[in-house]
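1. sequence and predicted structure are below.
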Amino acid sequence: EERINRIKETLPELPDELKLRLKKQYNLNPYDARVISSDIETANYFEELSKNRDPKQSANWIISNLFGKLNDSNKHISESPVSAFNLGKLLDLIANEIISNKIAKNVFEEMYSSGKNAEDIVNEKGLKQISNQDELKNIIQEIINNNEQQKNQYLQGNLKVMGWFVGQVMKETKGQANPSKVNEIIKEILAK
């Protein structure tokens, strides 16, 4: 009995136990927990990536983005050119609103192919999100001033025009404007 207990203590976590722990500890849905726990190296990658980060977002990035690239290049997670540490730095840039999710996907593509880290890519390509209130206000004010017809449509209750304005701002800023701030500022300006 004693020997059996000693052996049990030295055994690694079994897949079913791991899946249950991931569901409980990280509040993952059953699908994510199953995929992450299917391979011990994936589970380790996930646990490193999700330290002090949103576990759901971490799981999504592994399952959707990383696995997609690994499958395309026929690689196992242990051969990933993007370490959990570096992917974590990319997720931090999203969380800190330095880049948008859309831009992050492009940055990830380059990280995967070049091996560079997220911050270097963002700085080299000037991809930082524009979150400066004054800068955004000026851009938005100009777009609203130059599009009286859409402004009037919005003021007459056509709220769908809001999407058009957001699209114009994104086009003007090459997708670098912070979308939530853009919405906020457009509503603020049009409410005057």
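-> Alright, I've got the coordinates.

2. going forward, measure contacts and count neighbours with C-alpha atoms only.
-> Noted.

3. how many neighbouring residues does residue 74 have?
-> 11 (other Cα atoms under 10 Å).

4. hang on, it in a strand?
-> No - counting by DSSP: H, G, I helix; E, B strand; the rest coil, residue 74 is not found in a strand; it is coil.

5. and it, how close does it get to residue 80?
-> 10 Å (Cα to Cα, to the nearest Å).

6. now swap in residue 9 and tell me
-> Taking Cα to Cα, one finds residue 9 at 31 Å from residue 80.

7. neighbour count winner among these two?
-> Taking neighbours as other Cα under 10 Å, residue 9 and residue 80 compare with residue 80 leading, 16 against 10.

8. can you pull the phi and psi angles for that one?
-> Here is the backbone geometry of residue 80 (degrees, to the nearest 10): phi -60, psi 130.

9. and if you look at residue 174?
-> According to degrees, to the nearest 10, residue 174 has phi 50, psi 40.

10. give me the number of residues near it?
-> By other Cα under 10 Å, 11 other residues sit near residue 174.

11. and stretch 125-137, how far apart are its ends?
-> Stretch 125-137 has an end-to-end distance of 24 Å (criterion: Cα to Cα).

12. renumber starting at 5 from here on
-> Shifting the count to begin at 5 puts that one at stretch 129-141.

13. any residues touching that stretch, and which ones?
-> Stretch 129-141 is contacted by residues 101-104, 107, 126, 177, 180-182, 185-186, 189 when judged by Cα atoms under 8 Å, 6 or more residues apart in numbering.
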